[in-house]
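Peer 1: Okay, predicted coordinates and the sequence, questions at the end:
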Number of protein chains: 2
Amino acid sequence: MLRLSKKVEYAILALQFISNKDDKFATAKEISDSLEIPFEFLSKSLQTLMKKGILESQLGVRGGYQLARSPNKITIQEVIVALEGRSGLVDCTYKKSNETCDKIETCLLKNPMAVLQNRINSIFKQTTIAQLSGEVKN
Amino acid sequence: MLRLSKKVEYAILALQFISNKDDKFATAKEISDSLEIPFEFLSKSLQTLMKKGILESQLGVRGGYQLARSPNKITIQEVIVALEGRSGLVDCTYKKSNETCDKIETCLLKNPMAVLQNRINSIFKQTTIAQLSGEVKN
DNA sequence: CGATAATACGATTATTTTAGTCGCATTTTA
DNA sequence: TAAAATGCGACTAAAATAATCGTATTATCG
Ligand code: SF4
Ligand code: SF4
């Protein structure tokens, strides 16, 4: 509980890798080898990030992935939402709107949880890919 | 991902319930009925909280549970640690010391993750049972 | 043109974690 | 001494996560 999924952790590692490596495209193979991440598993995440506009891809032989925008414009929160589609400490703070709790009318924990959720979210919104490596480098 | 387990959510609900109800002991049955939580499942958590010094229990017929200390001295973080034994966004921030990642030497994400982890933890450390209901009451 | 190196994508399986249940023992009180 | 409660350990069920497989498509380069 309160864990980042491997999907997200790998994606963040990959984005950091791509961000650090300046030259044009990084291939999924290169990333997975370098970071010791399962290739197929990573690939799917990269494809998702591409569809969500966080990465750009180039098909074919000299292909690969690159960031779709500056790393300081990519937040961890965006990555989480792109890959998980939602995020929520409890049912009533899930973003997928059909996932609401049946105790929601009477529950005294609902509001306090919403507050906590906002605080958590703001942490991930504040953190960008650039900051991850940047704090040492810059 | 990034979810509170039911175990913890139920426990927080229960602590809130016990805190709101002033008269001596609350029974597990009473709590589980009132909050619509599986009795057996809740009981185990209450027993754990008791062993960890967050609740006090009274055996036998007029028995039940009460807070071991003032609700403003019980943090959500304590409850999480009591029930989960650990908490960590990623392997390298787990508190169970044997759960360390084999990439830990080279990983560029380790330090940034530790920072995030601290921020998350501090949110849960700052939040007490008293605050949950208290914000309206006090 | 055709081999090759790459992404794209859906389906499936395996593993782990979470959630919930069961049965029985113990304690206390009326 | 019956009843109402907690205490505990083992077990099972369900869901989420992690990983794999198979195949199609696309682009480059010789
Ligand atoms: S409404 Fe209450 S019980 Fe339902 S998910 Fe939110 S906090 Fe949990
Ligand atoms: S060391 Fe890096 S890869 Fe290992 S758990 Fe920590 S962040 Fe993840």
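Peer 2: Everything's here; your move. This is a predicted model, so every value here is computed, not measured. Ligands and ions are numbered 1, 2, ... in the order given.
Peer 1: Now do the helices in chain A.
Peer 2: In chain A, the segments counted as helices under DSSP state H are A:6-20, A:28-35, A:39-51, A:76-84, A:110-126, A:129-137.
Peer 1: which residues does A:Met1 contact?
Peer 2: By CB atoms under 8 Å, 6 or more residues apart in numbering or on different chains, A:Met1 lies in contact with B:3-5, B:8, B:80, B:84, B:87. Placement of C-beta: from N, CA and C, glycine included.
Peer 1: same deal with A:Pro38?
Peer 2: A:Ser32.
Peer 1: so what pLDDT did it get?
Peer 2: Confidence at A:Pro38, expressed as pLDDT, is 98.
Peer 1: Phi first, then psi, for it.
Peer 2: Note on A:Pro38: its backbone torsions stand at phi -60, psi 120 [degrees, to the nearest 10].
Peer 1: Which entries within the contacts of A:Met1 meet the buried criterion?
Peer 2: Buried residues within these, defined by neighbour count using 16 or more other CB atoms under 10 Å in any protein chain shown: B:3-4, B:8, B:80, B:84, B:87.
Peer 1: any weak-confidence spans in chain A?
Peer 2: Within chain A, the segments meeting pLDDT under 70 span A:95-99, A:134-138.
Peer 1: most distant residue from the middle of it?
Peer 2: Using CA atoms, centre = their mean, the residue of chain A lying farthest from its centre is A:Thr106. It sits 33.7 Å away.
Peer 1: circling back to that earlier point, the buried ones among the contacts of A:Met1: which ones sit near DNA strand D?
Peer 2: B:Arg3 (CB under 7 Å from any atom of the strand).
Peer 1: do you know how far A:Met50 is from A:Ser5?
Peer 2: From A:Met50 over to A:Ser5 the distance is 19 Å, taken as CB to CB, to the nearest Å.
Peer 1: right, is stretch A:106-124 up against chain B?
Peer 2: Yes - contact of stretch A:106-124 with chain B (CB under 8 Å from any CB of the partner chain) involves A:107-109, A:111-112, A:116, A:119-120, A:123-124.
Peer 1: Nearest the middle, which residue of chain A would you pick?
Peer 2: Centre-nearest of chain A using CA atoms, centre = their mean is A:Val79, 2.2 Å out.
Peer 1: which residues sit in contact with that residue?
Peer 2: A:8, A:11-12, A:15, A:49, A:54, A:129.
Peer 1: Recalculate using a threshold of 10 Å.
Peer 2: When contacts are counted by CB atoms under 10 Å, 6 or more residues apart in numbering or on different chains, A:Val79 touches A:7-8, A:11-12, A:14-15, A:45, A:48-49, A:52, A:54, A:124, A:127-129.
Peer 1: Give the burial count for A:Glu40, as a bare number.
Peer 2: Residues near A:Glu40, counting by other CB atoms under 10 Å in any protein chain shown, number 9.
Peer 1: Any chance of a PyMOL selection covering the buried ones in the contacts of A:Val79?
Peer 2: In PyMOL syntax, the buried subset of these is picked out as below (16+ other CB under 10 Å):
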select buried, chain A and resi 7+8+11+12+14+15+45+48+49+54+124+127+128+129
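Peer 1: Report the buried residues of stretch A:121-138.
Peer 2: Result for stretch A:121-138 [16+ other CB under 10 Å]: buried residues A:121, A:123-124, A:127-134.
Peer 1: Of these, which pair is most distant in space?
Peer 2: A:Asn121 and A:Ser133 (22.9 Å; CB to CB).
Peer 1: Serialize the contacts of A:Met1 to TSV and add fields for distance to DNA strand C.
Peer 2: Listed next are the contacts of A:Met1 as TSV, based on distance: CB to the nearest atom of the strand, whole Å:
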residue	distance to DNA strand C
B:Arg3	7
B:Leu4	8
B:Ser5	3
B:Val8	7
B:Ile80	11
B:Glu84	7
B:Ser87	10
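Peer 1: Would you mind giving those residues as a markdown table with distance to B:Leu35 added?
Peer 2: Formatted as a markdown table, the contacts of A:Met1 follow (distance: CB to CB, whole Å):
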| residue | distance to B:Leu35 |
| --- | --- |
| B:Arg3 | 19 |
| B:Leu4 | 15 |
| B:Ser5 | 16 |
| B:Val8 | 14 |
| B:Ile80 | 19 |
| B:Glu84 | 20 |
| B:Ser87 | 23 |
